[in-house]
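dropping a prediction and its sequence here:
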Amino acid sequence: VQLQASGGGLVQAGGSLRLSCAASGSNSNFNEMGWYRQAPGNQRELVASRIVGGGTYYADSVKGRFAVSRDNAENTVTLQMNSLKPEDTAVYYCVGRPYGSDWSRGSWGQGTLVTVSS
């Protein structure tokens, strides 16, 4: 299975970025797809995710600013990030969680760097 992420970059505080991820290959039919991030010196954290049935999760720090969407037919997940803050600076990872397992058994894409300047 492969997860290919794109869309990171440098943006000023208050700006927006859109991350996209496409899953392909065998075993790419995930129950849940989402985005983790890891800032320097910090642990990875789940930022937002969406299950195949439509339920979503958002970390408290991004509620009201980020929106996760998913195209089940195309096996893609997108993260729209608005009102970005310097503390959103991190490497963002697209992750897919298989049915019947937790995130520890997830498949990870390569990270994409998001840098928010003040």
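That came in fine, so what should we check first? Computed from a predicted model, the values in this text were never measured in an experiment. Residues are numbered from 1 along each chain as shown.

show the pLDDT at the one residue sitting closest to the centre of the chain.
What sits nearest the mean C-alpha location of the chain, by Cα atoms, centre = their mean, is W35, with 2.1 Å. The score at W35 is 98. That number is its pLDDT.

got it, and V11?
For V11, pLDDT reads 98.

so what sits opposite it in the bridge?
V116 (DSSP bridges).

any regions of the protein where pLDDT drops low?
Of all residues in the chain, none has pLDDT under 70.

strands of that one, start to end?
Taking DSSP state E to define them, one finds strands in the chain at 2-6, 9-12, 17-24, 32-38, 45-51, 56-58, 66-71, 76-81, 90-97, 107-108, 112-117.

quick check: the gap between V52 and F66.
The gap separating V52 from F66 is 20 Å, by Cβ to Cβ, to the nearest Å. C-beta coordinates here come from the backbone N, C-alpha and C atoms, glycine included.

between the two, which one's more packed in?
For V52 and F66, the more surrounded residue by other Cβ atoms under 10 Å is F66, and the numbers stand at 20 against 13.

alright, that wraps it up for me.
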